[in-house]
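[1] build me a model:
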Amino acid sequence: MTRPVVYLGQCPALAGTPTHYGPEDVTAIQAVLAQGFAALGGTEAVVPRGARVVIKPNAGFGGPPGVHTTDPRVFEALVRLLQVEVRPADLSVVESAAEHHMLRQIGVGRTSRECLEACGLADVARRLRVRVRAVEEEECLKVGIPRAAHYREVYLPRAILEADCLIYVPHMKTHMACGVTLGIKLGQGCLPHYEQRRFHRVDLAQKLVDLLHAVRPRLTVVDGLWAQQGQGPTSPYEADIIRDMNTIVMGTDVVAVDAVGSAVMGYEPFEVPTTWLAHVQGHGEGHLSRIDVRGASLERVRRVFRRPDRRLAGIFPNVQFFLGGACEGCLTHLRIYLDQLHAAGMLNRLSRPVNVAVGYGVELPEPLEGPVLVVGDCTAEHRHRGTFVGGCCPLSGILKGLLTAVAEASGGECA
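    Numbering: from 1, shown residues only. Below you'll find the predicted structure:
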């Protein structure tokens, strides 16, 4: 059996940043990408000449560019190389932003187009005549997945379904729910907002692996110029941003790419639930010993990224937790949004504590000082105690509930 090839490239120290860069940065990155294509058998062996190409970056959140999202320098270098080497018949960038889901659910966020603008990718697309396509503006078709474990049918945008060549360009970062977010996790951003809500609990990893039956990238290029450790996917803490990683990971087996990418980040690949499930269910190779890693040596590039801290109790000032049998969806989203509020200084100023109840069988004492936030359907028996956020998992509804409780605890001022 032929071993999958994964190219591990390192860029020289770049003069610019994701926000301000010149042609010398793009040229240097393009040279690394060209070496990667050569290791994979040549550009045309991976991306057919004259193909309809769709690039799916990570532009799920607004800027600044290259911090939580795909670096525009990598996007520009890849587009320029493809336009010279294979001359695509059509070249599009497609996104279904997580912030668009937030906008639809709680009225706070951005559209996918606005996220692509904030990430700096839309500007590159305009300059290079790449079509920008937001999933919420696209026709979506129902696709059956008969071999899936539980995600048996899904709506997907025609733009992705009809592509001759789908290229994933994720940003290298940790993730509160998935451990890391690399190639397989990027499938979530192919889905329309109403599909993103389905299976976002402990079953999220299986959902993403099931999706590989319907949406599979022909090429995955991991942007690791800057990277994010710690409280991903959108850490608000400066210490979590790594600005000198200067790494590219690329290959045609998305499972193998994720295995190598996570190893670069200091993980054992099978610690990552999506890599393990995809491997054992036959979607690709996750054993490092069975992957042909070319380019830089893994030992030289590897760093030990700080892992996400998912604890809740005792972490945040003026927030008290009452925890029952809650699943990962509610717990991780609570931690993500509380990190954001804490970094913004909103929790230190509270005049009363915020009480958060989450999980099946949770017990709430009587009385409690300060507002009460009741999170998730499994805690619904306590909905009369305060602000109730229903759903399983409520996703960004949790943020709206936290903002309501924080405003009440601060005397109506939430800024």
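[2] any idea how the chain splits into domains?
    5-301, 319-409 (automatic domain parsing).
[3] closest to residue 307 out of those?
    Nearest of the domains of the chain to residue 307, taken as CB to CB: domain 5-301 at 6.7 Å. C-beta coordinates here come from the backbone N, C-alpha and C atoms, glycine included.
[4] what's the span of that closest one, first residue to last?
    Across domain 5-301, the terminal residues are separated by 17 Å (CA to CA, to the nearest Å).
[5] which SSE is residue 225 in?
    Assignment of secondary structure by DSSP states H and E places residue 225 within strand 219-228.
[6] quick check: which helices or strands does that strand pack against?
    Under the contact criterion of 3 or more CB pairs under 8 Å, 6 or more residues apart in numbering; DSSP states H and E, the helices and strands touching strand 219-228 comprise helix 23-39, helix 72-85, strand 165-169, strand 171-175, strand 241-242, strand 247-251, helix 254-264.
[7] of all the ones you listed, which lies closest to residue 321?
    strand 171-175 (21.9 Å).
[8] related to what we said a few turns ago, among the domains of the chain, which is the most enclosed?
    With neighbours taken as mean count of other CB atoms under 10 Å, these reach their highest mean count in domain 5-301, at a mean of 21.
[9] the helices in the stretch 1-150 of the chain, which residues?
    For the stretch 1-150 of the chain, the helices defined by DSSP state H, counting those that start in this stretch occupy 23-39, 43-46, 72-85, 98-106, 112-118, 121-128.
[10] same check, this time on the stretch 201-350 of the chain
    Taking DSSP H, counting those that start in this stretch as the criterion, the stretch 201-350 of the chain carries its helices at 204-211, 254-264, 273-280, 298-301, 328-343.
[11] between the helices of the stretch 1-150 of the chain, which gets nearest to residue 401?
    It's helix 98-106; of the helices of the stretch 1-150 of the chain, that one is closest to residue 401 (CB to CB) at 9.2 Å.
[12] how far does the closest one sit from its chain's centre?
    Distance, stretch centre to chain centre, for helix 98-106: 15 Å (CA atoms, centre = their mean, to the nearest Å).
[13] before we move on, what about stretch 131-141?
    19 Å.
[14] what sits up against it?
    90-97, 100, 111-113, 116, 122, 125-126, 155-159, 161, 190-193 (CB atoms under 8 Å, 6 or more residues apart in numbering).
[15] just those residues: which are in strands?
    Members of the contacts of stretch 131-141 lying in strands (criterion: DSSP state E): 90, 91, 92, 93, 94, 95, 155, 156, 157.
[16] now do the same contact list for the fourth one.
    Residue 93 makes contact with 54, 55, 56, 57, 75, 116, 121, 125, 130, 131, 132, 133, according to CB under 8 Å, 6+ apart.
[17] between the residues you listed, which is nearest residue 165?
    residue 54 (7.3 Å).
[18] so which of the helices of the stretch 1-150 of the chain is nearest residue 200?
    Of all those, helix 98-106 sits nearest to residue 200, with 10.1 Å by CB to CB.
[19] the closest one - contacts with which helices or strands?
    For helix 98-106, the elements it packs on are helix 112-118, helix 193-196, helix 397-409, judged by 3+ CB pairs under 8 Å, 6+ apart.
[20] can I get that helix in CSV, CA atoms only?
    Output for helix 98-106, consisting of C-alpha atoms alone and laid out as CSV, is shown next (Å, rounded to 0.1, in the frame of the first residue of the first chain):
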residue,chain,number,x,y,z
ALA,A,98,-19.4,31.1,12.2
GLU,A,99,-20.1,34.7,12.8
HIS,A,100,-22.9,34.6,10.2
HIS,A,101,-24.5,31.8,12.3
MET,A,102,-24.1,34.1,15.4
LEU,A,103,-25.7,37.0,13.4
ARG,A,104,-28.7,34.8,12.5
GLN,A,105,-29.1,33.4,16.0
ILE,A,106,-28.5,36.4,18.3
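[21] what about residue 195, distance to residue 95?
    Here residue 195 is placed at a distance of 14 Å from residue 95 (CB to CB, to the nearest Å).
[22] again but with residue 193, I slipped
    Here the criterion is CB to CB. By it, residue 193 lies 12 Å from residue 95.
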